[in-house]
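[1] Below are the sequence and a predicted model; questions follow.
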Amino acid sequence: MPRETAAAKHDRTQKILSALQRTYPDAHCELNFASPLQLLVATILSAQCTDKRVNLVTAELFKKYRTAQDFAAAPLADLEAAVRTTGFFRNKAKNIQACCAALVAKFGGEVPRTMAELHGLAGVGRKTANVVLGNAFGINVGVVVDTHVTRLSNRLGLAKGADAVKVEQQLIKLVPQHDWTLFSHWLIWHGRRRCAARKPDCANCELKNLCPQLGLKTINNQGTK
């Protein structure tokens, strides 16, 4: 692929955004939640785990623990048992309890609305904070960069590298701020439904005329590389 000028890249990005919006008009966070606290807990559980599995776990978890105080006061062994099937359950349970204890002590049991305050909580990195801010509060502070967003933004030639923080910084220069939360959903949905890691459906891809297909070498008859 010839070196792309900044203006050309910006123009292509806008076309990609439009195509994704047309393709996934109902894109949304696929973690089930009814409150900022529930989304925060679910997002902590989603590390190294599918959204489907997290939703199965939280369907019961949120019946038993309804407030930050409930999580903070729970016997740790009980919390570990409740989240065991999400993987890394001991660390996740410990972080959820410490996080919720801090919510009670510092924020009256409520989830704060700033990146700095969220990032200071146990188990809450920048990605988790962006998920909560964007989806629970409608605040676009950054772009959620998970494995799908990293993979697709590299494949599309919108960002380079595997470091989530560096990828995010590249993306926020290209994508309008009002689309930051939706952009993550669009790429995640596209990654799950069309652009798989090993067998992307390039032949039927809505972005095929806009994608340099970086990292993919040969196309077979099914449109995969």
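    All right, it came through fine.
[2] And for the nearest residue to C195 once chain neighbours are set aside, the neighbour number?
    Among residues not flanking C195 along the chain, L152 sits closest, at 5.8 Å (Cβ to Cβ, 6 or more residues apart in numbering). (Each C-beta comes from the backbone N, C-alpha and C, glycine too.) For L152, the neighbour count with other Cβ atoms under 10 Å is 24.
[3] what's near enough to touch Y24?
    Going by Cβ atoms under 8 Å, 6 or more residues apart in numbering, Y24 touches H185, W186, W189, H190.
[4] Just give me how far the helix or strand that contains the residue nearest to C195 sits from the chain centre.
    Here L152 sits within helix 147-155, counting by DSSP states H and E. The chain centre lies 11 Å from the centre of helix 147-155; the measure is Cα atoms, centre = their mean, to the nearest Å.
[5] Residues contacting it, please?
    By Cβ under 8 Å, 6+ apart, helix 147-155 touches 143, 145, 159-162, 164, 167, 170-171, 184, 187-188, 190-192, 195, 197, 200, 211, 213-216.
[6] For the contacts of Y24, please prepare a markdown table with the additional fields distance to I16.
    Below are those laid out as a markdown table (distance: Cβ to Cβ, whole Å):
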| residue | distance to I16 |
| --- | --- |
| H185 | 14 |
| W186 | 9 |
| W189 | 14 |
| H190 | 10 |
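[7] Could you pick out which of those residues are located in helices?
    The helices, defined by DSSP state H, take in H185, W186, W189, H190 from those.
[8] ok so, going back, tell me, what's the model's pLDDT at the residue nearest to C195?
    Here, the pLDDT recorded for L152 equals 98.
[9] go on, T218?
    T218 carries a pLDDT value of 48.
[10] likewise the one 5 residues further on?
    With respect to pLDDT, G223 scores 43.
[11] could I have the very next helix or strand once past the helix holding L152 exported to PDB, CA atoms only?
    Downstream of helix 147-155, the next assigned helix or strand under DSSP H and E is helix 164-174. Only the C-alpha atoms of helix 164-174 are listed here, as PDB (Å, rounded to 0.1, in the frame of the first residue of the first chain):
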ATOM      1  CA  ALA A 164      -3.700  -0.100  23.700                       C
ATOM      2  CA  VAL A 165      -2.800   3.400  25.000                       C
ATOM      3  CA  LYS A 166      -0.800   4.200  21.800                       C
ATOM      4  CA  VAL A 167      -3.600   2.800  19.600                       C
ATOM      5  CA  GLU A 168      -6.100   5.000  21.400                       C
ATOM      6  CA  GLN A 169      -4.000   8.100  21.000                       C
ATOM      7  CA  GLN A 170      -3.800   7.500  17.200                       C
ATOM      8  CA  LEU A 171      -7.500   6.900  16.900                       C
ATOM      9  CA  ILE A 172      -8.700   9.900  18.800                       C
ATOM     10  CA  LYS A 173      -6.800  12.100  16.300                       C
ATOM     11  CA  LEU A 174      -8.800  10.500  13.400                       C
END
